[in-house]
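Q: coords please:
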Amino acid sequence: MPVRITAWPELNRVVLQGVGIEQNYTLEQLDFSVRVGNIPRRIIFPNGASFETLDNASVDALYSANKVYPSEHWIHLLESRFVWVFVSLAITAVAMWSLVAFGIPWLAEKTSSAIPNNLETQLGEQTLEGLDNLIFSPSKLKVQQKNRGKGLMDDLLAGHNDIGFKRLEFRAMKDNTANAMALPSGIIVVTDRLMELADKDEELQAVLAHELGHVYYRHLLRSWLQNSAVALFVAGILGDVSSISANVAVLPTLLVENHYSHEFEEQADDFAIILLNEKKIDTCHIGLILSKLESSLPDEAKSIPDFLSTHPATDKRIERVNVFKQGKVNSALNCPSKL
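A: Numbering: from 1, shown residues only. Below you'll find the predicted structure:
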């Protein structure tokens, strides 16, 4: 019903008048809704009735006279000043970026360490099965070639039972490209073409040592967790739940698309450098096999700019190896202190 409020702030008195209504209140008895833009305001009375008006200025004057402010009054003060709006947007943007850039990777690292071994084993087997359906075909290597790879892996692992390696698998790529992949639970897959390119044992061990770095740091699992967390975060902001369900089976796709970040690749390179050095294997073989791998790529793959590629440029990776050979490990590499 239509009513009128008459106020005498200096007397701390408010009168509500309408047809058959006349009630007196003190300012302390009233509850004011928060001002948000120019939407209608509400004054709530002790009996639960409320008064609604578009006259925001009069409502502000009413409670400001006796400093009876709603607890959220500061929100309107902030949103009505451009400087504070800009500062709030900047703080929000920095907070969101920090969450995605630092918070989610940190959480993914901690979470990957807490995943039960049986679950990780299941993820590894399912990932291998997915890759077999997607890009792999049965290996055509001879038994002695496979034994060569397994023997070289055994040499690298001697004295290192805590890396997390499970087994070495051999597959042929349907497009006959050279590649090696580290799957969850410590499965490492080496392709036939890579075995052919790495004609020196030290070159093959350089590749295997790099993949052991991915296993040791659980890079694929962490990447999957990070991508899932980002999808969850985006879904929370935009309401798009399809991005979450689509992430459940992306482990094979992540590998196919060279999912690892520059940080993960450099971390695996550093791991390989330390492991090869410990085994008295010249780290120059990392650069040699990297050069061979790049030469075997199709021309369109070579032309991808470094900032668009998930792997660091080959020349930069070789430069890191050379830095190690010059004895500058501590200042240039983020290597573990020991393996």
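Q: Is L16 in contact with A7, as I believe?
A: No - the criterion here is C-beta atoms under 8 Å, and L16 misses it with A7 at 10.0 Å. No exception for glycine: its C-beta is placed from N, CA and C like everyone else's.
Q: centre of the chain versus stretch 116-128, how much separation?
A: Centroid separation for stretch 116-128 versus its chain: 21 Å, with C-alpha atoms, centre = their mean, to the nearest Å.
Q: actually stretch 94-102, not the one I wrote
A: Relative to its chain's centre, stretch 94-102 lies at 10 Å (C-alpha atoms, centre = their mean).
Q: got the end-to-end distance for that stretch?
A: Terminal residues of stretch 94-102 are spaced 11 Å apart (C-alpha to C-alpha, to the nearest Å).
Q: Mind listing what's buried along it?
A: Buried residues in stretch 94-102, counted by 16 or more other C-beta atoms under 10 Å: none are found.
Q: what pLDDT, on average, does that stretch get?
A: Regarding stretch 94-102, the rounded mean pLDDT is 83.
Q: give me the number of residues near the closest residue to E196 other than its chain neighbours?
A: Spatially, and ignoring its direct neighbours in sequence, E196 is nearest to A178 (7.6 Å; C-beta to C-beta, 6 or more residues apart in numbering). Burial measure for A178: 21 neighbouring residues, criterion other C-beta atoms under 10 Å.
Q: Kindly report the same for M1.
A: Using other C-beta under 10 Å, M1 has 6 neighbouring residues.
Q: My read is that it contacts Q17, right?
A: No - M1 is beyond contact range of Q17, at 11.3 Å (criterion: C-beta under 8 Å).
Q: my guess is N12 meets T26, correct?
A: Yes - in this structure, N12 is within contact of T26 by C-beta under 8 Å, at 5.2 Å.
Q: If you count surrounding residues, which of those two has more?
A: N12 (15 against 12).
Q: gap between the more buried one and E294?
A: Shown here: N12 relative to E294, a distance of 82 Å by C-beta to C-beta, to the nearest Å.
Q: again, but for N161
A: The gap separating N161 from E294 is 34 Å, by C-beta to C-beta.
Q: the helices in the stretch 101-250 of the chain, which residues?
A: Along the stretch 101-250 of the chain, counting by DSSP state H, counting those that start in this stretch, helices occupy 104-114, 117-134, 143-157, 192-197, 201-217, 219-238, 242-245.
Q: need these in TSV with distance to S261, can you?
A: Listed next are these as TSV, based on distance: least, C-beta to C-beta, whole Å:
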stretch	distance to S261
helix 104-114	9
helix 117-134	18
helix 143-157	24
helix 192-197	22
helix 201-217	12
helix 219-238	7
helix 242-245	19
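Q: what residues are up against A180?
A: Counting by C-beta atoms under 8 Å, 6 or more residues apart in numbering, A180 touches I188, V189, V190, T191, L194, V207, L208, H210, E211.
Q: Now for the residues you listed: which two are most distant?
A: Maximum pairwise distance among those (C-beta to C-beta): 14.3 Å, between T191 and H210.
Q: Got phi/psi on G48?
A: phi 100, psi -10 (degrees, to the nearest 10).
Q: What's the local residue count around it?
A: By other C-beta under 10 Å, 6 other residues sit near G48.
Q: That one and H210, how far apart?
A: In terms of C-beta to C-beta, G48 sits 71 Å off from H210.
Q: And G103, by the same measure?
A: 28 Å.
Q: what does E263 give?
A: 14 Å.
Q: Who has more neighbours out of the two?
A: Ranked by neighbour count (other C-beta under 10 Å), E263 and H210 place H210 first, with 25 against 12.
Q: is it true that the more buried one touches F271?
A: Yes - in this structure, H210 is within contact of F271 by C-beta under 8 Å, at 7.4 Å.
Q: Just give me the neighbour total for V3.
A: Neighbour tally, V3, other C-beta under 10 Å: 15.
Q: Identify the residues contacting it.
A: When contacts are counted by C-beta under 8 Å, 6+ apart, V3 touches L16, Q17, G18, I21, F51.
Q: so where is the stretch 101-250 of the chain shaky, pLDDT-wise?
A: For the stretch 101-250 of the chain, the stretches with pLDDT under 70 are 229-250.
Q: switch the cut-off to 90
A: Across the stretch 101-250 of the chain, the ranges flagged by pLDDT under 90 are 101-124, 127, 134, 161-162, 174-177, 184, 199, 219-250.
Q: tell me the domain boundaries of this structure?
A: What automatic domain parsing lists as the domains of the chain is 3-79, 81-114, 117-332.
Q: and the second one, how far apart are its ends?
A: Using C-alpha to C-alpha, the span of domain 81-114 from its first residue to its last is 46 Å.
Q: Centre of the chain to it, how far?
A: Counting by C-alpha atoms, centre = their mean, domain 81-114 is centred 11 Å from the centre of its parent chain.
Q: mind listing what's buried in it?
A: I104, P105, A108, T111, S112.
Q: Looking at those, which is nearest V87?
A: I104 (24.7 Å).
Q: Assess the claim that that closest one and Q226 are in contact.
A: Yes - contact criterion C-beta under 8 Å: I104 and Q226 qualify, at 5.5 Å.
Q: Can you list the buried residues in stretch 13-32?
A: V14, L16, Y25, L27, L30, F32.
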